[in-house]
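Q: got a predicted structure plus its sequence, pasted below:
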Amino acid sequence: MKQLIKVIIPAFNEENGVGSVIREIPADLVEEIVVVNNASTDKTEHVAAEAGATVLKEEEKGYGRACLKAMEYISLQEIKPDIIVFIDADHSDYPEEMHELVKPILEDDVDLVIGSRALGNKERGSMTPQQIFGNWLATGLLQLFYKVKFTDLGPFRAIKYDKLMALNMQDKTYGWTVEMQLKAAKMGFKCTEVPVNYRKRIGFSKISGTVKGTIMAGYKIIWTIFKYL
């Protein structure tokens, strides 16, 4: 029986990348693509709608807020999906790799799959040194305190819908990805990683592209790790 898959794409000022992401998602795999326009001031909403996505609005900035908005929308649907895939709107991931991302769920009954940039091929300059160090530090702390081995906090990930809802996700900003991983570990979910390739994003990063964004994201990730101990 074919699994029902929906994709969530948080998007803040990603008019140049979001259309390509949507068009490159395998149409044979996904039933609905939900883009959350997160207080954009450009044409993100228009581009996403033209590309065929369902577009929601979240006027208060925050990666987690955008994800929660999409989850609320899906929770109100009569027929719930089996799997949720998260991917960024900046075209740094390869949407066509979604088949490989969900394969462990479909074939091995895994609960959560992280697309690991550390295990895949990264285009030179696609991740800043502070991003690489931050991932190394955060995944090391996850292994130390939560006894789970991850190599990345990558945004390209897939999770069973019922497991996602069981996590009771709370973070509204930068701690979203690590919260999902540490809660999955605490709840004994079956987790794995698959290698994904990564390229330079389209446009300017609002997090790693600024000193303030990098510091705030790093602080929030570390704070989240210790919050749930």
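A: Received the coordinates, thanks.
Q: quick check: which element contains the residue nearest the centre of the chain?
A: For the chain, the residue sitting closest to the mean C-alpha position, by CA atoms, centre = their mean, is Pro155 at 3.1 Å. Taking DSSP states H and E as the definition, one finds Pro155 inside no helix or strand.
Q: repeat that for the one 4 residues further on.
A: The secondary structure element spanning Ile159 is strand 157-160 (assigned by DSSP H and E).
Q: could you measure from the residue nearest to the centre of the chain over to Glu107?
A: Separation of Pro155 from Glu107 (CB to CB, to the nearest Å): 23 Å. To be clear about C-beta, it is placed using only N, CA and C from the backbone, and glycine gets the same treatment.
Q: can you pull out the helices in this structure?
A: Assigned by DSSP state H, the helices in the chain fall at 18-24, 44-50, 63-75, 98-108, 129-146, 161-166, 176-186, 211-227.
Q: just the C-alpha atoms of the fifth one, please, in PDB.
A: Listed in PDB are the C-alpha atoms of helix 129-146, where the atom choice follows Å, rounded to 0.1, in the frame of the first residue of the first chain:
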ATOM      1  CA  PRO A 129      33.100  26.700   9.000                       C
ATOM      2  CA  GLN A 130      30.900  27.800  11.900                       C
ATOM      3  CA  GLN A 131      28.100  25.600  10.500                       C
ATOM      4  CA  ILE A 132      30.400  22.600  10.300                       C
ATOM      5  CA  PHE A 133      31.800  23.200  13.800                       C
ATOM      6  CA  GLY A 134      28.300  23.800  15.200                       C
ATOM      7  CA  ASN A 135      27.000  20.500  13.800                       C
ATOM      8  CA  TRP A 136      30.100  18.700  15.200                       C
ATOM      9  CA  LEU A 137      29.600  20.100  18.600                       C
ATOM     10  CA  ALA A 138      25.800  19.600  18.700                       C
ATOM     11  CA  THR A 139      25.900  16.000  17.500                       C
ATOM     12  CA  GLY A 140      28.700  15.300  20.000                       C
ATOM     13  CA  LEU A 141      26.600  16.600  22.800                       C
ATOM     14  CA  LEU A 142      23.600  14.600  21.600                       C
ATOM     15  CA  GLN A 143      25.700  11.400  21.700                       C
ATOM     16  CA  LEU A 144      27.200  12.300  25.100                       C
ATOM     17  CA  PHE A 145      23.900  13.200  26.900                       C
ATOM     18  CA  TYR A 146      21.300  11.300  24.900                       C
END
